[in-house]
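Asker: The amino acid sequence is not available; the structure is as follows:
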């Protein structure tokens, strides 16, 4: 199969990319690791959207609201572009997609949030009606490149049959999501960082990987994360004493307390109207409570913290152009697989900016990929393509079928899930953790193989391992506390480190300040 644009990933970013690529008249195929429309973080829950009316004062307030939280690493130009694009795309969702947005008492539409299941159901239908074939349960295993280094397709696995299928494309959009390390956070079982690994193998770089330690509060008995609701919570230690300093936004006290024992909370600060709105806005949050006979507004219930990594962190593949192109010709990125530093700097939460970025970057990447494909013409179709996959695909040593993906995942999770390693970061704990991960990578790079194993699971394990190494390498390079990348031995902001960090490499990793941002910040300082 040969197409103009191949979109990998079927969440919000992927479906918007497919729609905008198809609108140009080119041929498009969308392949999803799960089932497009029902898998992924957005399809599992309600989400807010960074939707702001085009009024100067409102836009200025929206852009300024998180600049300090993000360590002043965001870009006002990109913020303004995303606000404009999101406003247009949400209105398109309402008018063309006929999404049933609610209205206020005056009958004005309220378009600052969507219910994920309904949003993604409509996105799938829209993609199908645009004539885009959807390949469900078809995870990408590796990218294909031509001799000149440009990306020209991907190798997929059809999970129903196990066969590997090559799709030749003039351009590829990666919209495969971030990496949550199989931490069991809701909807993120498909978010194992596969796209970032494939991008780096093809020659791309990463940005903001130190901003990868996002943890969300969840009841201990369920995987539903709705951190905004915990702004109404009172937190308690196991002995019943209130937990000082803990809140929905300040989770460090919770993390420290969980190292020693259980933590409980009650959503007792919500009034009657807020309680009704919460139940209406996020029904699945209350489902398990109701089944267990727990009233979260009056009863105490145990909580935990679940790692969401780069799903809610801001790090990802570096964006090189306004059309969300990368430094690799023919490769575009959108959504959580792409860095969100451009609009968030070093901090973001769930929904809001993330949802806006998925819509905007997906639309730009789809249109950009289609234009790139048009410029290539038919001459590229006869070029030979080569697989770029390394770890798990082409071992450098003797293949070892006894090295299983589940064993690699276990090593990765032991190093990245604990709060004292990844959330309460300190160099004395990061360095030995990274050394363990490097050792595991060397073993996987030499011996991990598809033979007698599921290729998609092999590659997901390799991707999580690569992700963990990138984020700890970047975390050690940032010797300050900025955004969510906080170091206990460096608790203050260092003006000399007001730059974005670029990370790259596979066997040998490297980090360096982003030259463009560094030059801009020095000019502003002068």
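Answerer: Looks like it arrived, so ask away. Bear in mind the structure is a predicted one, so any value in this text is a computation, not a measurement. Numbers count the residues shown, from 1 in each chain.

Asker: Next, count neighbours for residue 327.
Answerer: Other residues near residue 327 come to 16 when the count uses other CB atoms under 10 Å. (C-beta placed from N, C-alpha, C; glycine too.)

Asker: Tell me the secondary structure of it, please.
Answerer: Secondary structure for residue 327, judged by DSSP: H, G, I helix; E, B strand; the rest coil, is coil.

Asker: Report the secondary structure state of the residue lying closest to it once chain neighbours are set aside.
Answerer: Leaving aside its sequence neighbours, residue 327 sits nearest to residue 320 (CB to CB, 6 or more residues apart in numbering; 4.9 Å). Three-state call for residue 320 (three-state DSSP): coil.

Asker: residues of the lengthiest strand in the chain that come out buried?
Answerer: With secondary structure taken from DSSP state E, the chain has its longest strand at strand 164-174. Neighbour-count burial for strand 164-174 flags 167, 168, 169, 170, 171, 172, 173, 174 (criterion: 16 or more other CB atoms under 10 Å).

Asker: Strands of the stretch 201-350 of the chain, start to end?
Answerer: Taking DSSP state E, counting those that start in this stretch as the test, the strands found in the stretch 201-350 of the chain are 206-207, 214-219, 234-237, 263-266, 301-308, 316-317, 331-333.

Asker: Buried deepest among those, which one?
Answerer: Most buried of the strands of the stretch 201-350 of the chain, by mean neighbour count (mean count of other CB atoms under 10 Å): strand 331-333, with a mean of 31.

Asker: which other helices and strands contact it?
Answerer: strand 164-174, helix 194-202, helix 353-376 (3 or more CB pairs under 8 Å, 6 or more residues apart in numbering; DSSP states H and E).

Asker: right, and residue 73 touches residue 340 too?
Answerer: No - Residue 73 lies out of contact with residue 340 (CB atoms under 8 Å); the separation is 10.4 Å.

Asker: what touches both of those two?
Answerer: Common contacts of residue 73 and residue 340 (CB atoms under 8 Å, 6 or more residues apart in numbering): residue 208.

Asker: Show me which of the two is the more surrounded one.
Answerer: Between residue 73 and residue 340, counted using other CB under 10 Å, residue 340 has the larger neighbour count: 33 against 25.

Asker: pretty sure that one contacts residue 356?
Answerer: No - under the criterion of CB under 8 Å, residue 340 is not in contact with residue 356, lying 9.7 Å apart.

Asker: With adjacent residues omitted, what lies nearest to residue 86?
Answerer: Take residue 86 and drop its neighbours on the chain: the residue closest to it by CB to CB, 6+ apart is residue 356, 4.1 Å away.

Asker: repeat for residue 50
Answerer: Closest to residue 50 by CB to CB, 6+ apart is residue 356, at 3.7 Å.

Asker: Relative to residue 112, how far out is that neighbour?
Answerer: According to CB to CB, to the nearest Å, residue 356 and residue 112 sit 10 Å apart.

Asker: what do you get for residue 256?
Answerer: Counting by CB to CB, the gap from residue 256 to residue 112 is 34 Å.

Asker: would you list every one of the helices in the stretch 401-526 of the chain?
Answerer: With DSSP state H, counting those that start in this stretch, the ranges of helices along the stretch 401-526 of the chain come out as 405-416, 427-447, 455-477, 515-525.

Asker: can you give me the mean pLDDT across the second one?
Answerer: Think helix 427-447. Averaging pLDDT along helix 427-447 yields 98.

Asker: Reformat the strands of the stretch 201-350 of the chain into TSV and put distance to residue 374 and mean pLDDT next to each item.
Answerer: Formatted as TSV, the strands of the stretch 201-350 of the chain follow (distance: least, CB to CB, whole Å; pLDDT from 0 to 100):
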stretch	distance to residue 374	mean pLDDT
strand 206-207	28	98
strand 214-219	38	93
strand 234-237	55	96
strand 263-266	54	96
strand 301-308	37	96
strand 316-317	23	98
strand 331-333	14	98
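
Asker: And those strands: which comes nearest residue 477?
Answerer: Closest of the strands of the stretch 201-350 of the chain to residue 477 is strand 206-207, at 12.2 Å (criterion: CB to CB).

Asker: name the element the nearest residue to residue 76 once chain neighbours are set aside belongs to?
Answerer: Using CB to CB, 6+ apart and skipping the chain neighbours, the partner closest in space to residue 76 is residue 63 (6.1 Å). Using DSSP states H and E, the element containing residue 63 is helix 56-64.
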